[in-house]
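Undergrad: Here is the input, now give the coordinates:
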Amino acid sequence: MPAPTSPADAADSADSAADSAAASAASDDRDGRAGHAGRTAAEPVRPAGPADRAIPNPARQASIRNANLALVYRLILDAPAPLSRAALAAATGVTRATASALADALLEAGLIVEVSPPPATGAGRPAAGLVPSADGPAGLGLEINVDYLAACVVDLTGAVHATVIRHGDQRGRAVAEVLADLAGAAGEAAAQARLTVAGAALAVPGLVEAPHGRIRRAPNLVWQDVEIGAALGRALPDLPFEPVIGNEADFAALAEAHGAPDVGGLPLTDFLYVSGEIGVGAGVILDRELFRGARGWAGEIGHVTVVPDGVRCRCGARGCLETVAGLEALRRDGPEVAASALGRAAAAAVNLLDLPAVVLGGAYARPEFAALVPGVEKALAEHVVSAAWAPVAVRVSRRGTAAAVTGAATAVIRRVHGDPAAWMAAC
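TA: You can find the predicted model right below:
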């Protein structure tokens, strides 16, 4: 979160100039080192001139305003009670006039609304409060899974306005056919919600390469190296933000991290989210943020080997976790058989990352598989080295099978939250 600017324009200008000077000096220093490193010993070293130096991008008034918009909006989003303009000025250090102007811009963009002030308890007229708008831009979450398609619309407050699920086997279907059906579900959800959709995010069960969203491999859908972004954009025209594509377990983990508080009134901030469907995936949450890995592929727990020389997995390897604990195996063998392998795989992640909790989601959250919980707890107690003095909590997802599609919609909303100026420019 950017730091608040000074109330005085002169101080803003001085800070910006200092930052620009520091950036210029750092750039010069880096350029000089790079130039020396690229020469042989026989080459003369030519002093760096103006043509060799990268031109820094100075802070402009617009960027300062955008940073302050994001700061004020974050304060409104995080406040336990409606904030007045005076409270915003006091919290940020900007003048009352600046705070009012920023609030008015957010109001005009439909990102916040004014609410009636509480009854006055002292002298003076009470000020109106500011809260996120439930009627502002919304996030459209989409999911392609092996046996269903889903669409979900979430507003700026995190409330779900509509969810549409269409059951059917998606394995081996042409991408264009799947996207056409998914667009139909998206249109139905948007019509039910009656909100302006800011953008869409698509959750898929496979390896999604960041940042462009190429699906490198989704073995349970029988997809390999699928470039889906352009086709998704054509299927969902007229969205201010371009669609985003990500792994379904990652989005589900985000939904869990930014949902209602956990049991006891405290949110989970660090945990391993394990999603069970036909395949098994995981999302790692550290300080309420998703750990994606270098290429966006972190969390492929379903392809951890738990039975050496076991049955062949769809990925081509043998004995993967999803051959023992995927939905088909659960239905065939029951949860007691799967729990030990699931707990041992989760224990490896807990030992590696020092996570205090494991959340079971997707099909694992269904009541018929409740016996997974004690079995996973037992395996974690046996295989986590620190379990004797720091037991690992096991929770069942509060969002169930809708976690991934809700998390995808939430990702769009978080983009608006983080950069309200981008929404203002796009709409």
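Undergrad: contacts for stretch 326-340?
TA: Applying Cβ atoms under 8 Å, 6 or more residues apart in numbering, the contact partners of stretch 326-340 are 276-280, 302, 322-325, 363, 369-372, 374-376, 378-379. C-betas here are computed from N, CA, C, even on glycine.
Undergrad: need the strands for the stretch 251-400 of the chain, in chain order.
TA: For the stretch 251-400 of the chain, the strands defined by DSSP state E, counting those that start in this stretch cover 271-276, 280-286, 289-291, 357-362, 393-396.
Undergrad: Now the buried members of the contacts of stretch 326-340.
TA: Among these, those classed as buried by 16 or more other Cβ atoms under 10 Å are 276-280, 302, 322-325, 363, 369, 372, 375-376, 379.
Undergrad: now for the residues you listed, which pair is the farthest apart?
TA: 278 and 379 (22.3 Å; Cβ to Cβ).
Undergrad: Out of the strands of the stretch 251-400 of the chain, which is closest to residue 94?
TA: Closest among the strands of the stretch 251-400 of the chain, using Cβ to Cβ: strand 289-291, at 27.6 Å.
Undergrad: any weak-confidence spans in the stretch 251-400 of the chain?
TA: By pLDDT under 70, the weakly predicted segments of the stretch 251-400 of the chain are 260-267.
Undergrad: tell me the most buried of the strands of the stretch 251-400 of the chain?
TA: Ranked by mean neighbour count under mean count of other Cβ atoms under 10 Å, the strands of the stretch 251-400 of the chain are led by strand 271-276, which reaches a mean of 29.
Undergrad: And the contacts of that one?
TA: 248-249, 252-253, 256-257, 280-285, 301, 325-327, 330, 342, 346, 349-350, 353, 355-364, 369, 395, 397, 403-404.
Undergrad: repeat that for 7 Å
TA: Defining contact as Cβ atoms under 7 Å, 6 or more residues apart in numbering, one finds that strand 271-276 is touched by 248-249, 252-253, 256, 280-285, 301, 325-327, 342, 346, 349-350, 355-364.
Undergrad: ok but residue 422 is inside a strand, no?
TA: No. Under DSSP: H, G, I helix; E, B strand; the rest coil, residue 422 sits outside any strand and is assigned helix.
Undergrad: how far away is it from residue 379?
TA: To residue 379, residue 422 is 45 Å away according to Cβ to Cβ, to the nearest Å.
Undergrad: For the stretch 1-150 of the chain, which segments are assigned as helices?
TA: Assigned by DSSP state H, counting those that start in this stretch, the stretch 1-150 of the chain shows helices spanning 9-37, 61-78, 85-92, 96-108.
Undergrad: what about stretch 281-299, distance to the chain center?
TA: Distance, stretch centre to chain centre, for stretch 281-299: 10 Å (Cα atoms, centre = their mean, to the nearest Å).
Undergrad: do stretch 83-101 as well
TA: 29 Å.
Undergrad: Dump that stretch to PDB, restricted to CA.
TA: Written as PDB, here are the backbone C-alpha positions of stretch 83-101 (Å, rounded to 0.1, in the frame of the first residue of the first chain):
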ATOM      1  CA  LEU A  83     -15.600   6.500   7.800                       C
ATOM      2  CA  SER A  84     -16.400  10.200   7.400                       C
ATOM      3  CA  ARG A  85     -14.300  12.500   5.200                       C
ATOM      4  CA  ALA A  86     -12.800  14.000   8.300                       C
ATOM      5  CA  ALA A  87     -11.700  10.600   9.500                       C
ATOM      6  CA  LEU A  88     -10.100   9.900   6.100                       C
ATOM      7  CA  ALA A  89      -8.200  13.200   6.300                       C
ATOM      8  CA  ALA A  90      -7.000  12.400   9.800                       C
ATOM      9  CA  ALA A  91      -6.000   8.800   8.900                       C
ATOM     10  CA  THR A  92      -4.000   9.800   5.800                       C
ATOM     11  CA  GLY A  93      -2.600  13.200   6.700                       C
ATOM     12  CA  VAL A  94      -4.100  14.900   3.600                       C
ATOM     13  CA  THR A  95      -6.200  18.000   3.900                       C
ATOM     14  CA  ARG A  96      -9.900  17.800   4.500                       C
ATOM     15  CA  ALA A  97     -10.400  19.200   1.000                       C
ATOM     16  CA  THR A  98      -8.200  16.600  -0.600                       C
ATOM     17  CA  ALA A  99      -9.900  13.800   1.300                       C
ATOM     18  CA  SER A 100     -13.300  15.100   0.200                       C
ATOM     19  CA  ALA A 101     -12.200  15.300  -3.400                       C
END
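Undergrad: which one of the strands of the stretch 251-400 of the chain lies closest to residue 68?
TA: Of all the strands of the stretch 251-400 of the chain, strand 289-291 comes closest under Cβ to Cβ, at 23.2 Å.
Undergrad: Partner strands of that closest one and their direction?
TA: Next to strand 289-291 in the sheet, as set by DSSP bridges, lie strand 280-286 (antiparallel).
Undergrad: Direction-wise, compare the partner strand with strand 271-276 and give the angle.
TA: Strand 280-286 runs at 170 degrees relative to strand 271-276, counting by axes from the mean of the first three to the mean of the last three Cα atoms, to 10 degrees.
Undergrad: which other residues reach strand 280-286?
TA: Defining contact as Cβ under 7 Å, 6+ apart, one finds that strand 280-286 is touched by 205, 247-250, 252-253, 257, 270-275, 290-291, 298-302, 321-322, 325-326, 353.
Undergrad: burial count for the residue nearest to residue 103 when sequence neighbours are not counted?
TA: Counting by Cβ to Cβ, 6 or more residues apart in numbering, residue 103 lies nearest to residue 85, which is 5.4 Å off, once chain neighbours are set aside. Residues near residue 85, counting by other Cβ atoms under 10 Å, number 22.
Undergrad: How about residue 270?
TA: 17.
Undergrad: Any idea how many residues pack against residue 297?
TA: Neighbours of residue 297 (other Cβ under 10 Å): 17.
Undergrad: give the contact list for residue 214.
TA: If you count contacts by Cβ under 7 Å, 6+ apart, residue 214 has them with 225, 227.
Undergrad: That one and residue 279, how far apart?
TA: Counting by Cβ to Cβ, the gap from residue 214 to residue 279 is 19 Å.
Undergrad: And for residue 399?
TA: 18 Å.
Undergrad: again with residue 161
TA: For residue 161, the distance to residue 279 - Cβ to Cβ - is 29 Å.
Undergrad: so who does residue 101 touch?
TA: So residue 101 contacts nothing (Cβ under 7 Å, 6+ apart).
Undergrad: confidence score at it?
TA: Looking at residue 101, its pLDDT stands at 95.
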